[in-house]
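> got a sequence here, can you build the structure:
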Amino acid sequence: MKEVTANGLTVNEAVEEALKQLQAKRDEVEVTILYEGKKGLFGVFGKKPASVKVRLIQNPMKIVHAFLSDIVQKMGINADIDVKQTGKTINIQLSGDKMSVLIGKRGQTLNSLQYLTQLVANRNSNHYIQIILDAENYREKRKETLKLLAEKLAKQVIRTSKNVSLEPMPSSERKVIHAALAEFREIKTYSVGEEPNRHLVISPKKRG
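Got it, this is the predicted structure:
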């Protein structure tokens, strides 16, 4: 997190000097006045400059946009990156050619990118930021696929009375399955493992 201390004849001049050093705009920084300065006798004797501490405010939207732009460029993909923030959640939509490469098998590449982007967004943030990364509305299509898979596996667990472990997936996808199977009274679902390898287990409930 960048921070500088600058001096000037006035507080405004000190702030302007700090902005030059940080190469930032006024609305991108947080200013703390250390000393307002002293004009001195006749404007000369005992004169002391104003001093300020200026901290660059991290803009998570700019950070994630720059991070993803660099990643897709290195992958040789031309992608449009649309970033929108609502409260503490940042939604990112990728579009363009070769989106299947960014999505990967069963969304694994997309999920990995989402995980890395979330780490970058929260590295210097004062509060937790949730990242939802999507490409060509893959998440919605995946949601429907997961619901069908969940119901199929639930019936298998009921029939065989044996646990079924699913592949590692992000919490958003695990929640979809939890919700889809909430009405199946013969089974229970729970997650095990650590991120990003945390996965969901469908288990038969004990009778009695």
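> shaky segments in the chain?
Low-confidence segments of the chain, defined by pLDDT under 70: 1, 40-46, 207-208.
> domains of it?
Taking automatic domain parsing as the domain assignment, the ranges for the chain are 3-56, 60-136, 140-204.
> export these to TSV and tack on mean neighbour count?
All C-beta atoms are positioned from the backbone trio N, CA, C, and that covers glycine. Formatted as TSV, the domains of the chain follow (neighbours: other CB atoms under 10 Å):
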stretch	mean neighbour count
domain 3-56	14
domain 60-136	16
domain 140-204	15
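> only C-alpha atoms, please: export stretch 132-146 in PDB.
In PDB, the C-alpha atoms belonging to stretch 132-146 read as follows (Å, rounded to 0.1, in the frame of the first residue of the first chain):
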ATOM      1  CA  ILE A 132     -17.700 -13.800  -9.000                       C
ATOM      2  CA  LEU A 133     -16.000 -14.500 -12.300                       C
ATOM      3  CA  ASP A 134     -18.000 -15.700 -15.300                       C
ATOM      4  CA  ALA A 135     -17.400 -16.200 -19.000                       C
ATOM      5  CA  GLU A 136     -20.200 -16.200 -21.500                       C
ATOM      6  CA  ASN A 137     -22.800 -16.900 -18.800                       C
ATOM      7  CA  TYR A 138     -21.200 -20.200 -18.000                       C
ATOM      8  CA  ARG A 139     -22.200 -20.000 -14.300                       C
ATOM      9  CA  GLU A 140     -25.900 -20.200 -15.100                       C
ATOM     10  CA  LYS A 141     -25.500 -23.100 -17.400                       C
ATOM     11  CA  ARG A 142     -23.300 -24.900 -14.800                       C
ATOM     12  CA  LYS A 143     -25.900 -24.300 -12.200                       C
ATOM     13  CA  GLU A 144     -28.500 -26.200 -14.100                       C
ATOM     14  CA  THR A 145     -26.000 -29.000 -14.800                       C
ATOM     15  CA  LEU A 146     -25.200 -29.200 -11.100                       C
END
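> what's that stretch in contact with?
By CB atoms under 8 Å, 6 or more residues apart in numbering, the list of residues contacting stretch 132-146 from outside reads 68, 89-95, 99, 102-103, 107, 110, 113-114, 117, 172-173, 176-177, 180.
> mind checking which of those are in helices?
Of those, the ones assigned to helices by DSSP state H are 68, 99, 102-103, 110, 113-114, 117, 172-173, 176-177, 180.
> look up which residues are beta-bridged to Lys53.
Taking DSSP bridges, one finds Thr5, Thr32 as the beta-bridge partners of Lys53.
> contacting residues around it?
Per CB under 8 Å, 6+ apart, neighbours of Lys53: 3-5, 31-32, 34.
> the chain: helices as residue ranges?
In the chain, the helices defined using DSSP H lie at 11-22, 60-74, 99-103, 108-122, 138-160, 171-180.
> between those helices, which gets nearest to Val54?
Closest approach to Val54 among these (CB to CB): helix 11-22, 3.7 Å.
> sweet, I'm off.
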